[in-house]
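Student: Sequence and predicted structure are below.
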Amino acid sequence: MTPPRRAACLALACAVLAGCASDAPTSRGEVKGAQATQGELAQSDVNRMATLAMKENLEGLYRLMDKLYRRNPAEWRKSGTASREQAVAQVRAAVRERAAWAPLQGKRDIAAMDLALAPGFTGDRVAAFIYATADMIVTAHGGKTEFFLLDGFDAQYLYNAARNVEIAVWMLAHRTDAQGRPLLLADEIGSQGRNLSYEREFGKIIGRLDLLAAMTTEKYRRAVIGYVQNLVGGTFLQFLPVR
C-alpha cells in the first residue's frame, strides 16, 4: 500500500472511531444516597421519604432563588446584602430557624405568598417569594423538616401545597406590575430559544408533594388492608393437625 493510500485509510479509520465515540452515552451523573444516621432508626420508610423530599424541595427553591436573582439582579440589591450568595444564605437561615421574614410584615404561609406576589410589593420580591413558598411547604408538613415514627401527615394539606405552587407559577408567568412588566423574569420563550428551567424545577417540587400526599393516603388504606389480612389469616390459614 502506497503512503498516500495508507494515510487516507488512517484518516478514514480515525473518522469512523470519532463517530462511534460521539454515539457513546453521555454521563449525566449518578444517584448518591445520604449517609446513614442514628436518627434513621426512628424513621419508617414513609418518614424517610418525606424527609428526603423536604430536603430536595427546599434545595430546589434555593436553586430557583439563585436563578431568579441572576435574571433579576435588582432584587437581591434591595436586600441590603453584599452579594447574591449572601441574599440566598439569609433566606436559608430564616427558613431553617422558622423565623419571620421582616419585609412580609409578619405574614406566614399562604398570606406571605400572596403578599410576595402582590403587584405593589416593593421589597426584594425574590427573597420574599422563595421564603413564603418554603414556609408554606413546611407548614403543610406540620411545621417540620424531618420526620419520625410519631409524626403524621395530612394528605389534603400536602395536596393543597402542590396546588399552591402551581398557582404561584401561574402568577409569576402572568402577573405584571403597575408598568405592565412581569413581576419577575423567569421562563423565556423567544427567538433565541426556550428557557424552561424554572418550570421544570417547580414541576419537580409539585411532583414530590403530590407523591407524598398519595403515599400518605395509601399508608392508612394499606394499614386497614393489612389488619384484615392478618385477621383472616389468623382464622383460616392455620395448619391442621395430622395426628
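Tutor: Yep, that arrived.
Student: okay, CA-based contacts and neighbour counts for the rest of this
Tutor: Noted.
Student: okay, now R84: neighbour count?
Tutor: 17 (other C-alpha atoms under 10 Å).
Student: so who does the nearest residue to it once chain neighbours are set aside touch?
Tutor: Nearest in space to R84, with sequence neighbours left out and distances taken as C-alpha to C-alpha, 6 or more residues apart in numbering, is W76 at 5.9 Å. W76 sits next to Y69, S83, R84, A87, D124, V126, A127 when contact means C-alpha atoms under 8 Å, 6 or more residues apart in numbering.
Student: Which of the residues you listed fall in helices?
Tutor: In this view, the contacts of W76 that belong to helices under DSSP state H are Y69, R84, A87, V126, A127.
Student: Throw those residues into JSON lines and include distance to M136, thanks.
Tutor: JSON lines is the format used below for the ones in helices among the contacts of W76 (distance: C-alpha to C-alpha, whole Å):
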{"residue": "Y69", "distance to M136": "21"}
{"residue": "R84", "distance to M136": "23"}
{"residue": "A87", "distance to M136": "20"}
{"residue": "V126", "distance to M136": "15"}
{"residue": "A127", "distance to M136": "14"}
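Student: In TSV: these, plus pLDDT and distance to G203.
Tutor: Shown next, in TSV, are those (pLDDT from 0 to 100; distance: C-alpha to C-alpha, whole Å):
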residue	pLDDT	distance to G203
Y69	95	19
R84	94	24
A87	96	24
V126	96	18
A127	97	20
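Student: which residues in this structure form strands?
Tutor: 188-190, 193-195 (DSSP state E).
Student: any weak-confidence spans in the chain?
Tutor: Scanning the chain for pLDDT under 70 picks out 1-29, 31-39, 41, 187-195, 219-243.
Student: One more pass at 80, please.
Tutor: 1-42, 150, 187-196, 219-243 (pLDDT under 80).
Student: now the helices for it?
Tutor: Going by DSSP H, the chain shows helices at 3-22, 45-71, 73-78, 84-97, 109-116, 125-140, 155-174, 197-236.
Student: most tightly surrounded among those?
Tutor: Of these, the one with the most neighbours on average (mean count of other C-alpha atoms under 10 Å) is helix 125-140, at a mean of 25.
Student: Give me the contact list for it.
Tutor: For helix 125-140, contacts defined as C-alpha under 8 Å, 6+ apart pick out 54, 58, 61-62, 65, 68-69, 75-76, 87-88, 91, 94-95, 98, 101, 103-104, 108-110, 112-113, 116-117, 144-145, 154, 157-158, 161, 165, 184.
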